[in-house]
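Q: no sequence on hand, only this structure:
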């Protein structure tokens with residue numbers, strides 16, 4: 001069974017419309033397994049409520065090396081991006097761009113586990129908090145596409161640009177074809193321990209290395225197909241820093257970001 005959020009597009013929903021749903025279906029088919037889900041809103045305690053209770057066995061899109069899990073090697077790497085109207089030609093890529101002092105900047109209000117996102121921290125360090133406009137990341141259980149409000153705000157001119165986690169930006173920009181420019185954010189040299197790009201893997205509970213090895217074999221065999229699914233959803237992809245396939249053993253999970 002897969003631990004998943006029932007209302008978290010473009011990643012997953014209970015209608016199977018997210019890219020993680022499609023990748024989970026591919027993995028289950030390769031393993032000859034029946035795909036089942038344990039649904040839980042991806043809020044604080046998500047892993048404790050799902051994997052931790054034995055309700056499910058596999059988490060998709062976990063930060064590589066996430067504490068408390070044993071993870072596969074990463075199967076994709078994405079980044080925060082700057083989103084702006086293409087017609088304005090802003091092409092902002094850098095938190096030190098002097099134009100940011102004159103622009104309104106949209107952000108999703110909170111990150112995983114309620115923490116400030118790396119862009120929020122980078123802007124605060126530059127005393128640009130007064131320029132920031134916050135948009136909800138999550139609605140209630142009945143609301144869908146809440147993250148789209150921030151992308152829509154850029155398209156409607158309510159903010160000059162936004163800094164958004166890449167999968168959200170790529171997916172929701174499709175509603176505004178040709179109108180939005182998406183540029184990967186450059187790392188903030190002032191915050192080397194707070195990256196803007198992350199490698200994502202699949203995770204199992206400790207002691208379930210056999211399942212991890214089976215899943216890793218699928219990721220190795222079907223890497224091109226998985227990348228095609230991600231591209232179909234507009235996920236901005238960066239080259240992996242950790243090789244997607246190697247003869248070395250997969251590292252056990254260590255300290256990392258929380259989900």
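A: Great, that's in hand. These numbers come from a predicted model, not from an experiment.

Q: tell me where the stretch 151-259 of the chain has strands.
A: Secondary structure of the stretch 151-259 of the chain, counting by DSSP state E, counting those that start in this stretch: strands at 161-165, 180-184, 197-205.

Q: okay, those strands in CSV with mean pLDDT, mean neighbour count and distance to residue 138 next?
A: For every residue, glycine as well, the C-beta is placed using N, CA and C. Putting the strands of the stretch 151-259 of the chain into CSV (pLDDT from 0 to 100; neighbours: other CB atoms under 10 Å; distance: least, CB to CB, whole Å) gives the following:
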stretch, mean pLDDT, mean neighbour count, distance to residue 138
strand 161-165, 98, 25, 13
strand 180-184, 98, 19, 22
strand 197-205, 97, 24, 19
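
Q: so what's the residue count around the spatially closest residue to residue 157 that is not a sequence neighbour?
A: Excluding the flanking residues, the one nearest residue 157 by CB to CB, 6 or more residues apart in numbering is residue 85, at 7.2 Å. By other CB atoms under 10 Å, the residues close to residue 85 number 17.

Q: one more: the one 3 residues further on?
A: Burial measure for residue 88: 13 neighbouring residues, criterion other CB under 10 Å.

Q: ok but residue 84 is inside a helix, no?
A: No - counting by DSSP: H, G, I helix; E, B strand; the rest coil, residue 84 is located in no helix; its state is strand.

Q: do you know the pLDDT at it?
A: pLDDT recorded at residue 84 is 98.

Q: with residue 252 instead?
A: Listed pLDDT for residue 252 reads 31.

Q: again, but for the one 5 residues further on
A: According to the prediction, residue 257 has pLDDT 32.

Q: swap in residue 7?
A: 91.

Q: now do residue 27
A: 98.

Q: that one: what's it in contact with?
A: Contacts for residue 27 (CB atoms under 8 Å, 6 or more residues apart in numbering) come out as 58, 202, 215, 218-219.

Q: same question, residue 145
A: 9, 172.

Q: quick check: nearest residue in space to residue 236, chain neighbours excluded?
A: In space, residue 236 is closest to residue 166, 3.9 Å off (CB to CB, 6+ apart).

Q: same question, residue 168
A: residue 147 (4.7 Å).

Q: and the pLDDT at the one you found?
A: Looking at residue 147, its pLDDT stands at 93.

Q: distance check, it against residue 238.
A: To residue 238, residue 147 is 20 Å away according to CB to CB, to the nearest Å.

Q: any stretches of the stretch 1-150 of the chain with poor pLDDT?
A: 110-115, 140-142 (pLDDT under 70).

Q: just give me the neighbour total for the residue nearest to residue 236.
A: Applying other CB under 10 Å, we find 24 residues neighbouring residue 166.

Q: could I get the full set of helices for this structure?
A: 19-31, 46-49, 118-125, 148-155, 166-172, 209-221, 223-232 (DSSP state H).

Q: nearest to residue 38, out of those helices?
A: Closest approach to residue 38 among the helices of the chain (CB to CB): helix 46-49, 8.6 Å.

Q: buried sites along that closest one?
A: 46-47, 49 (16 or more other CB atoms under 10 Å).

Q: can you list these in CSV and add distance to residue 129?
A: Formatted as CSV, those follow (distance: CB to CB, whole Å):
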residue, distance to residue 129
46, 28
47, 31
49, 33
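
Q: nearest to residue 125 among those?
A: Using CB to CB, residue 46 is the member of the buried residues of helix 46-49 that lies nearest residue 125, at 28.7 Å.

Q: residue at max distance from the center of this protein?
A: Centroid-distance maximum for the chain: residue 102 at 28.6 Å, with CA atoms, centre = their mean.

Q: thinking again about what came up before, residue 147 and residue 238: who's more crowded?
A: residue 147 (24 against 14).

Q: can you give me how far stretch 190-204 is from the chain middle?
A: Relative to its chain's centre, stretch 190-204 lies at 10 Å (CA atoms, centre = their mean, to the nearest Å).

Q: what's the neighbour count on residue 230?
A: Close neighbours of residue 230, defined as other CB under 10 Å, add up to 21.
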